[in-house]
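> the following block contains a protein sequence and its predicted model.
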Amino acid sequence: MDYLSHNVAVNLKRIRQSKKMSLDKVSEQTGVSKSMLAQIEKGSANPSLGVLGKITSGLRIEFQQLIETPRMDFCLVTPEEMIPTKEEAGQYKVWTCFPYEDNRYVEIYRIDIEPGGVYVSGGHGEKTREYLTVTDGVITIECHGQVQEISKEQVYRFETDQTHIYRNDGKERASCMCFFLDYK
């Protein structure tokens, strides 16, 4: 389940329960079937904008309340259990562990690069910075005319306002965690 579907599932259930409404009552007020509402709350349905519109209208809530990131006191992310956000077979896989959101300024990724693999990322705009720590292997970063090799357990910081390249020149898969910061 992607993070947006997860947000809708958690928020719909929380809102429904806070209003002390059954699925039957929400169905009656929104015109969305009880079974569809149950699937949405379980995260097994991908509702259309029309369905989400019916829900927000029927519950008299703002659309943002359905899609905003629910409060989480804790969260464990296992990238191998997620669908990669970007990948090219034999080259790299990128997982968005914690996405950038309007109320936060940080995004966290995991990147795996196969031996000989290259991942090219476009610039992220002015006043953007990345902090990268290698967890396995060695990764070479090219950005701003600089080439930097980062080994396991080292941490590297660089400005990401222009295209940057992640490269694995080694013989084993290289992995890193990237902390992307928007400091506008």
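Right, received. Where do you want to start? Numbers count the residues shown, from 1 in each chain.

> which neighbouring elements make contact with the longest helix seen in the chain?
Longest helix in the chain by number of residues (criterion: DSSP state H): helix 3-18. Under the contact criterion of 3 or more Cβ pairs under 8 Å, 6 or more residues apart in numbering; DSSP states H and E, helix 3-18 touches helix 34-42, helix 49-59, helix 63-67. Yep, even glycine has a C-beta here, placed from its N, CA and C like the rest.

> so which of those helices is nearest residue 169?
Nearest to residue 169, of all those, is helix 63-67, at 41.2 Å by Cβ to Cβ.

> identify the residues contacting the following helix or strand past the closest one?
Using DSSP states H and E, the next helix or strand after helix 63-67 towards the C-terminus is strand 86-88. With contact meaning Cβ atoms under 8 Å, 6 or more residues apart in numbering, strand 86-88 is reached by 92, 93, 94, 117, 119.

> list the buried ones in the longest helix of the chain?
Going by neighbour count (16 or more other Cβ atoms under 10 Å), the buried part of helix 3-18 is 3, 5, 7, 8, 9, 10, 11, 12, 13, 15, 16.

> give me the buried positions along stretch 174-184.
For stretch 174-184, the neighbour count (16+ other Cβ under 10 Å) marks 174, 175, 176, 177, 178, 179, 180, 181, 182 as buried.

> follow-up on the earlier one: and the longest helix of the chain, how far out from the chain's middle?
Chain-centre distance of helix 3-18: 17 Å, with Cα atoms, centre = their mean, to the nearest Å.

> now do stretch 19-39
28 Å.

> and if you look at stretch 87-99?
11 Å.

> same deal with stretch 71-79?
The chain centre lies 12 Å from the centre of stretch 71-79; the measure is Cα atoms, centre = their mean.
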